[in-house]
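> sharing a sequence plus its predicted fold:
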Amino acid sequence: MKKTLTLIVLTGLILTGCSGKQASAISSADAVAVETVAVPDVLSLTLDKATDQLEDLGFKVEAVDTVDGKSIIIEKNWEVTSQDPSEGAQAAKGSTVHLGVKNLEKAAAEKAAADKAAADKVAAEAAAAAKVVADKAAAEKAAADLAAAQAVKPVPVVPAPAPAPAPAPVVQAPAAVYYANCTAARAAGAAPIYAGTPGYGTHLDRDRDGIGCDK
């Protein structure tokens, strides 16, 4: 779009003096015109292409590395990241458009690092998901193995308790036998009485031959 502002001033003075002299003064100002142009959008273009486009419209270009402050040598290696005036603004021809640029190698390195970080994140998430699945499968297998082992496990046989041994017969101690004399022993049918048998006593065995009441 082009705007043309034109100011034309024309003043004519015609004066007629009493002496009959006629003076004329004509003052004119030549048209003064200022032409403005809409600034195009050059963001994301390489600096060489942005510069060509702006200069074709009559602008001057000033570019600065806004990231590292490095000197700009090869314009095609730089990408435009900011511009002033911005897209669509009206600016006079011959004015300067200020561009902020970033080295394409740095941009490529940043993009590669961002892509790698994203890929690493996806890989880590996939590995974590796979581990969850594997852990679940292992737990299910362990549970199945335990159930199978319990299903075939023999029931232990508990032996019957051994019968208690029969109590030993109680041997009754022989009752104490005493014969006051051989008459009593004979009356009890125990005579003669041998030494070591119930009822034997030396008072019944006067000759001490081991047999009582034998005479």
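Arrived safely.

> let's see stretch 109-125 as PDB, backbone CA atoms only.
Output of stretch 109-125 as PDB, limited to C-alpha atoms (Å, rounded to 0.1, in the frame of the first residue of the first chain):
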ATOM      1  CA  ALA A 109      21.400 -28.500  17.900                       C
ATOM      2  CA  GLU A 110      18.600 -27.300  20.200                       C
ATOM      3  CA  LYS A 111      16.000 -29.100  18.000                       C
ATOM      4  CA  ALA A 112      18.100 -32.300  18.000                       C
ATOM      5  CA  ALA A 113      18.400 -32.100  21.800                       C
ATOM      6  CA  ALA A 114      14.700 -31.500  22.200                       C
ATOM      7  CA  ASP A 115      13.900 -34.400  19.800                       C
ATOM      8  CA  LYS A 116      16.300 -36.700  21.700                       C
ATOM      9  CA  ALA A 117      14.700 -35.700  25.100                       C
ATOM     10  CA  ALA A 118      11.300 -36.500  23.700                       C
ATOM     11  CA  ALA A 119      12.400 -39.800  22.300                       C
ATOM     12  CA  ASP A 120      14.100 -40.700  25.600                       C
ATOM     13  CA  LYS A 121      10.900 -39.900  27.400                       C
ATOM     14  CA  VAL A 122       8.800 -42.100  25.100                       C
ATOM     15  CA  ALA A 123      11.400 -44.900  25.500                       C
ATOM     16  CA  ALA A 124      11.400 -44.600  29.200                       C
ATOM     17  CA  GLU A 125       7.600 -44.700  29.400                       C
END
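
> what's the neighbour count on residue 207?
Other residues within reach of residue 207, judged by other CB atoms under 10 Å, total 9. The way it works is simple: take the backbone N, C-alpha and C, and place the C-beta from them, glycine included.

> try residue 54
Neighbours of residue 54 (other CB under 10 Å): 22.

> which of the helices or strands spans it?
Assigned by DSSP states H and E, residue 54 belongs to helix 47-56.

> is it true that residue 103 touches residue 71?
No. At 10.8 Å, residue 103 does not count as touching residue 71 under the criterion of CB atoms under 8 Å.

> compare neighbour counts for these two and give me the winner.
Applying other CB under 10 Å to residue 103 and residue 71 shows that residue 103 carries more neighbours, namely 17 against 5.

> OK, contacts around the more buried one?
Residue 103 makes contact with 65, 67, 68, 70, 77, 78, 79 under the criterion CB atoms under 8 Å, 6 or more residues apart in numbering.

> let's see 7 Å
By CB atoms under 7 Å, 6 or more residues apart in numbering, the residues touching residue 103 are 65, 70, 77, 78.

> try residue 214
residue 192.

> and it, how far is that from residue 105?
145 Å (CB to CB, to the nearest Å).

> is it true that residue 76 touches residue 48?
Yes. Under the criterion of CB atoms under 7 Å, residue 76 makes contact with residue 48 at 4.6 Å.

> who's more crowded, the two?
Each of residue 76 and residue 48 has its neighbours counted (other CB under 10 Å); residue 48 has more, 13 against 10.

> hmm, residue 75 and the more buried one touching each other?
Yes. Using CB under 7 Å, residue 48 is in contact with residue 75, at 3.9 Å.

> return the distance of the helix holding residue 54 from the chain's centre.
49 Å (CA atoms, centre = their mean, to the nearest Å).
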